[in-house]
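Chemist: missing the sequence, but the structure's below:
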């Protein structure tokens, strides 16, 4: 059996290695148009910033090491220019010699990945306009910085690569601005959770131009002007386009393979395309979202590697199935860690799901043990069934641990209530006896059983101030004096029973505290005296961060300037 693989990075390299482990006699040929195979895309910004010093550390394998171990014919700087399913060959061009030839196959695996989205805008292609996707791109940017010593950079786009590059450029001393058409960074997160990411980025001196549309680029004063719609241009010494990626599927389209979302290659759960004996994996394919069941294009290394393994199994006669992607991801943003899995509240509602959320602010480990750090956790679940749909966490320590537990719970089909039953490890330096994941389960159980009702940030503006309801802040007088929502009267939770006379009888009571815990206790006290109560989800800390972020974005948008 002869297998030809197009693309030698995540999915392609994984498939090649798996094929060899399953079939020692198979002839395996990989064509990779760049000069590198099996490299770590996610590590590229850290080489530019000097965190990773050795360029060889970016490549997990070389063609030579891959051949030595797996006897796979890895041909770099070879571009496949056409597929011929009728005669089971591919046309190939050697980019170093110019030689063109056809290669036959019994099975063909497409792993072309995705390419940086290149908008059709004036000025695209300028010398000081960069993209970051390959090792060659990385060296190009690194060489430019080392040679020209730019003082400023504008990054167009607010996803993973953009944020990682922004941090690394800032650490090199550059003035950095991120411009993004949506009014938030990091689309896997809801806007309220993204507010914490925005805050960390601003604290490190990076400017945010959110809600701004890029209309073109122009050379100006030795640098580049980023032209914005209805706003003054942003000027910088260099610009990096990081507005997303597009499935690289021109070959598949020309060969008549069925395409789906964003021009991606349609595959079944065996990673088979619409054409016999042709498989496809990675960033170029359309998959099912594990939570919603809807078609999706999810460009992440983990799914690409799993798909490569599954395709190899099936090429060798197995019956492996891809169960779908749920988009589990994590990113370092200076000192902050932000992670997400499943579907967020925004996208869940777009799919028509009736959802609710809980927001909590637990410590990373036991509060009495020194060094604990606060995290903000948002868990999304289906209102009627309490099916666990997704989660987002932003914090400093222990974020990755909790998101992986939640990702596993989603994959296992658990309800949000069942999170309370998870038997998780505890020692003071690592967690609390009631882990944050357990706490989320307790909160959902209380909601499901009617023990507590909630109100959210978006509900605050509609609360009446005519005396028909009571608005109560259950924090200490000192906390209240430091900032509060207008119209909320202050009665600390520990004084509540003695001061019930200050709360109008028969009126619904909306209660807030710093994190949501004391206000929950206040709600239970009041419920014991017959009051209808509502607890604010996330507490004043959450409300303050979200509303301040919205205010900064709105002010900047109105003034046509960055934040």
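Modeler: Cool, got the structure. Values in this document were obtained by computation on a predicted structure and should not be read as measured data. Residues are numbered from 1 along each chain as shown.

Chemist: okay, how far is it across stretch 113-128, tip to tip?
Modeler: With C-alpha to C-alpha, to the nearest Å as the measure, stretch 113-128 spans 25 Å from end to end.

Chemist: okay, buried residues for it please.
Modeler: By 16 or more other C-beta atoms under 10 Å, the buried positions in stretch 113-128 come out as 113-116, 123, 128. Placement of C-beta: from N, CA and C, glycine included.

Chemist: do stretch 32-43 as well
Modeler: 32-41, 43.

Chemist: next: stretch 527-538.
Modeler: Judged by neighbour count (16+ other C-beta under 10 Å), stretch 527-538 contains these buried residues: 531, 533-538.

Chemist: for stretch 472-490, same thing?
Modeler: So, applying 16+ other C-beta under 10 Å, buried residues of stretch 472-490: 472-476, 479-480, 484-485, 488.

Chemist: what about the helices in the stretch 201-350 of the chain?
Modeler: 250-254, 301-315, 345-350 (DSSP state H, counting those that start in this stretch).

Chemist: can you put those helices in CSV and add mean pLDDT, distance to residue 239 and mean neighbour count?
Modeler: As requested, the helices of the stretch 201-350 of the chain are exported to CSV (pLDDT from 0 to 100; distance: least, C-beta to C-beta, whole Å; neighbours: other C-beta atoms under 10 Å):
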stretch, mean pLDDT, distance to residue 239, mean neighbour count
helix 250-254, 96, 26, 17
helix 301-315, 96, 26, 23
helix 345-350, 96, 29, 18
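
Chemist: residue 14 is nearest to which of those helices?
Modeler: helix 301-315 (3.5 Å; C-beta to C-beta).

Chemist: give me the contacts around that closest one.
Modeler: Residues outside helix 301-315 that contact it (C-beta atoms under 8 Å, 6 or more residues apart in numbering): 1, 3, 10-16, 18-19, 22, 40-42, 107, 109, 111, 270-272, 279-283, 285, 287, 319-322, 325, 328.

Chemist: gap between it and the chain center?
Modeler: 21 Å (C-alpha atoms, centre = their mean, to the nearest Å).

Chemist: please give me every residue in contact with the closest residue to residue 507 other than its chain neighbours.
Modeler: Spatially, and ignoring its direct neighbours in sequence, residue 507 is nearest to residue 470 (5.1 Å; C-beta to C-beta, 6 or more residues apart in numbering). Contact partners of residue 470, counting by C-beta under 8 Å, 6+ apart, are 489, 503-504, 507-510.

Chemist: PyMOL command to pick out the buried ones of those?
Modeler: A single PyMOL command selects the buried members of these (16+ other C-beta under 10 Å):
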select buried, resi 503+508+509+510
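
Chemist: ok, so of the contacts of residue 470, who is nearest residue 67?
Modeler: Distances from residue 67 to the contacts of residue 470, taken by C-beta to C-beta, are shortest for residue 510, at 67.5 Å.

Chemist: between the two ends of stretch 113-131, how far is it?
Modeler: End-to-end distance for stretch 113-131, by C-alpha to C-alpha: 15 Å.

Chemist: could you do stretch 320-335 as well?
Modeler: Rule used - C-alpha to C-alpha; the end-to-end distance of stretch 320-335 is 40 Å.

Chemist: in that stretch, what counts as buried?
Modeler: Quick answer for stretch 320-335 (16+ other C-beta under 10 Å): 320, 322, 324-329, 331, 333-334.

Chemist: kindly report the same for stretch 49-65.
Modeler: So, applying 16+ other C-beta under 10 Å, buried residues of stretch 49-65: 49, 52, 58-63.

Chemist: present these as a markdown table; the columns should include pLDDT and distance to residue 360.
Modeler: Rendered in a markdown table, the data for these read as follows (pLDDT from 0 to 100; distance: C-beta to C-beta, whole Å):
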| residue | pLDDT | distance to residue 360 |
| --- | --- | --- |
| 49 | 92 | 33 |
| 52 | 87 | 35 |
| 58 | 78 | 38 |
| 59 | 74 | 41 |
| 60 | 73 | 38 |
| 61 | 81 | 43 |
| 62 | 84 | 47 |
| 63 | 88 | 49 |
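
Chemist: just the closest of these to residue 358, please.
Modeler: residue 49 (36.4 Å).

Chemist: how near is that closest one to residue 301?
Modeler: Distance, residue 49 to residue 301, by C-beta to C-beta, to the nearest Å: 20 Å.

Chemist: hmm, back to that, okay if I get the buried residues of stretch 527-538 as JSON lines plus pLDDT and secondary structure?
Modeler: Shown next, in JSON lines, are the buried residues of stretch 527-538 (pLDDT from 0 to 100; DSSP: H, G, I helix; E, B strand; the rest coil):
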{"residue": "531", "pLDDT": "96", "secondary structure": "coil"}
{"residue": "533", "pLDDT": "97", "secondary structure": "strand"}
{"residue": "534", "pLDDT": "98", "secondary structure": "strand"}
{"residue": "535", "pLDDT": "98", "secondary structure": "strand"}
{"residue": "536", "pLDDT": "98", "secondary structure": "strand"}
{"residue": "537", "pLDDT": "97", "secondary structure": "coil"}
{"residue": "538", "pLDDT": "96", "secondary structure": "coil"}
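
Chemist: now for the residues you listed: which two are most distant?
Modeler: Farthest pair in the buried residues of stretch 527-538, by C-beta to C-beta: 531 and 538, 21.5 Å.

Chemist: look at stretch 347-367 and report the distance between its end residues.
Modeler: End-to-end for stretch 347-367, by C-alpha to C-alpha: 34 Å.

Chemist: got the buried residues for that stretch?
Modeler: Buried-residue list, stretch 347-367, by 16+ other C-beta under 10 Å: 347-348, 353, 355-366.

Chemist: max pairwise distance over these: which two?
Modeler: The most widely separated members of the buried residues of stretch 347-367, counting by C-beta to C-beta, are 353 and 366 (35.5 Å).

Chemist: now do the closest residue to residue 446 other than its chain neighbours, the pLDDT please.
Modeler: Once flanking residues are discounted, residue 446 sits nearest to residue 452: 4.7 Å by C-beta to C-beta, 6+ apart. pLDDT, residue 452: 96.
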